[in-house]
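Visitor: coordinates only, no sequence provided:
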């Protein structure tokens, strides 16, 4: 990306009346008025179905006293969901032409994630990954087909990039199919190798030519998925609290969890969207680090909801775990979310040591809340509410002119 101002090019967004099939060519990186499409939003909603299924199985595993296996399988399944979502998101940012064939192939990817979602319970309960692998391969073959289609209308350098993408994705599927044939003891190690290989594909494919992803569009897409995941977290926690009240008449035990959980999710939204992160995405290197790091943002955000469900089940006596373990199911993913959001983009917009320390300090305090027994979730929620208030106050103080000076006004001041 260049920093010199230039007039925005004319939008190449698909318009009504175009032919059903069009060449799949790169869209301008600085295209004006680029926003998420209805197909992309539909894509996100269907992917969150799989996220919800992974969260449900994580709840069951932790509540039954198998947190190690539950977290491992959750990490593996969530990687498959997140990686397929991320690859489509960046491809669509660069090449979406919204013609009939593009829509059909995208719908095939959606079908793949629904197949994957259907196999999550078997993976957790029976250690059977067959359906998950089938769903993942469906998504990835469709993605490879999109890259091959983009290669047809590309110049030499861009064509080499798209073919490397297509070939890398196809080769990786051999390894994922091999996951079905290795002993269960070696499955996690093969998964780790294959995950690393998948992560290398974009870096190798774009080493000589970069895809024309749109910074504002990418930031919006990630933000929208974050909102949807947080919404799923609220929905799952609400259902759990309602069931606990209906079945056990435990309003007194569940009210602190409900209030604390709500404060945590509200603060999580506020903290993520407090800065305009698209301004940080100035190069592919920065964007790759930021984009890859969102595995932890999305996974921890979804895990907060699972943790709240575990806390509810423990409070009503349905979970076979200690109070400490139930509290940790909420506080640890909350702390991970805070640290990851700070590392990825919040720290780039903080001024002074006081602002920089807000989120890391909050993460440490939230971890400390783990040991507060029945009040752990409520106090963690209060800590996050105070974190937001502290951030707003420090931002306001930093924007105040020093005594005896006057600060020129340049338009609407940024929100905290």
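Guide: Great, that's in hand. Note that the structure is a prediction, hence the values are computed from the model and not measured.

Visitor: give me the mean pLDDT for the helix or strand harbouring residue 49.
Guide: Using DSSP states H and E, the element containing residue 49 is helix 38-63. If you average the pLDDT over helix 38-63, you get 94.

Visitor: check which helices and strands that helix is in contact with.
Guide: Applying 3 or more CB pairs under 8 Å, 6 or more residues apart in numbering; DSSP states H and E, one finds that helix 38-63 contacts helix 67-95, helix 100-118, helix 120-126, helix 215-248, helix 284-315. Where you see a C-beta, it was placed from the backbone N, CA and C, and this is true even at glycine.

Visitor: residues in contact with the residue nearest the centre of the chain?
Guide: Nearest residue to the geometric centre of the chain (CA atoms, centre = their mean): residue 298, 3.0 Å. Taking CB atoms under 8 Å, 6 or more residues apart in numbering, we find residue 298 in contact with 51, 78, 82, 225-226, 229.

Visitor: which one of these is nearest to residue 58?
Guide: Nearest to residue 58 among the contacts of residue 298 is residue 78, at 9.1 Å by CB to CB.

Visitor: for that closest one, which non-adjacent residue is spatially closest?
Guide: Leaving aside its chain neighbours, residue 78 sits nearest to residue 299 (4.9 Å; criterion: CB to CB, 6 or more residues apart in numbering).

Visitor: roughly how far apart are that neighbour and residue 177?
Guide: Note on residue 299: its distance to residue 177, by CB to CB, to the nearest Å, is 24 Å.

Visitor: tell me which of these two has more neighbours.
Guide: Legend: neighbour count by other CB atoms under 10 Å for residue 299 and residue 177, higher for residue 299 (24 against 13).

Visitor: residues touching that one, list them.
Guide: Applying CB under 8 Å, 6+ apart to residue 299 gives the contacts 74-75, 78, 82, 333.

Visitor: please report how far it lies from residue 233.
Guide: Taken as CB to CB, the span from residue 299 to residue 233 is 12 Å.

Visitor: and for residue 295?
Guide: Taking CB to CB, one finds residue 295 at 17 Å from residue 233.

Visitor: what about those two, which has more around it?
Guide: residue 233 (27 against 19).

Visitor: the inter-axis angle of the helix or strand of the chain with the lowest mean pLDDT versus helix 284-315?
Guide: One helix or strand of the chain scores below all others by mean pLDDT, DSSP states H and E: helix 215-248, with a mean of 88. Taking axes from the mean of the first three to the mean of the last three CA atoms, to 10 degrees, one finds that helix 215-248 is oriented at 10 degrees with respect to helix 284-315.

Visitor: quick check: angle from helix 215-248 to helix 38-63?
Guide: Using the same axes, to 10 degrees: helix 215-248 against helix 38-63 is 40 degrees.

Visitor: give the buried residues for the helix or strand just after helix 215-248.
Guide: As assigned by DSSP H and E, the chain's next helix or strand after helix 215-248 is helix 251-272. Buried residues in helix 251-272, defined by neighbour count with 16 or more other CB atoms under 10 Å: 253-254, 256-258, 260-272.

Visitor: just stretch 72-80 next, same as before
Guide: Buried residues in stretch 72-80, defined by neighbour count with 16+ other CB under 10 Å: 73-80.

Visitor: give me every residue that touches the nearest residue in space to residue 91 that is not next to it in sequence.
Guide: Ranked by CB to CB, 6+ apart and with sequence neighbours excluded, the top spatial neighbour of residue 91 is residue 146, at 5.9 Å. Listed by CB under 8 Å, 6+ apart, the contact set of residue 146 reads 24, 91, 95, 102, 105.

Visitor: picking up where we left off before, deepest of the helices and strands packed on helix 38-63, which one?
Guide: helix 284-315 (a mean of 23; mean count of other CB atoms under 10 Å).

Visitor: by how many degrees do that one and helix 67-95 diverge?
Guide: Using the same axes, to 10 degrees: helix 284-315 against helix 67-95 is 140 degrees.

Visitor: tell me how far helix 284-315 lies from the chain's centre.
Guide: Relative to its chain's centre, helix 284-315 lies at 7 Å (CA atoms, centre = their mean, to the nearest Å).

Visitor: what packs against the next helix or strand after it?
Guide: Counting by DSSP H and E, the next helix or strand C-terminal to helix 284-315 is helix 323-344. The elements that helix 323-344 packs onto, with contact taken as 3+ CB pairs under 8 Å, 6+ apart, are helix 251-272, helix 284-315, helix 352-369, helix 376-399.

Visitor: could you dump these into TSV with distance to residue 212 added?
Guide: Output for these, formatted as TSV (distance: least, CB to CB, whole Å):
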stretch	distance to residue 212
helix 251-272	26
helix 284-315	11
helix 352-369	33
helix 376-399	34
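
Visitor: and those: which comes nearest residue 68?
Guide: Residue 68 lies closest to helix 284-315 among the helices and strands packed on helix 323-344, at 14.4 Å (CB to CB).

Visitor: quick check: residue 246 vs residue 254, distance?
Guide: Using CB to CB, residue 246 is found at 11 Å from residue 254.

Visitor: oh, I was asking about residue 343
Guide: The value you get for residue 343 to residue 254, if CB to CB is used, is 33 Å.

Visitor: and for residue 341?
Guide: Counting by CB to CB - residue 341 and residue 254 are separated by 28 Å.
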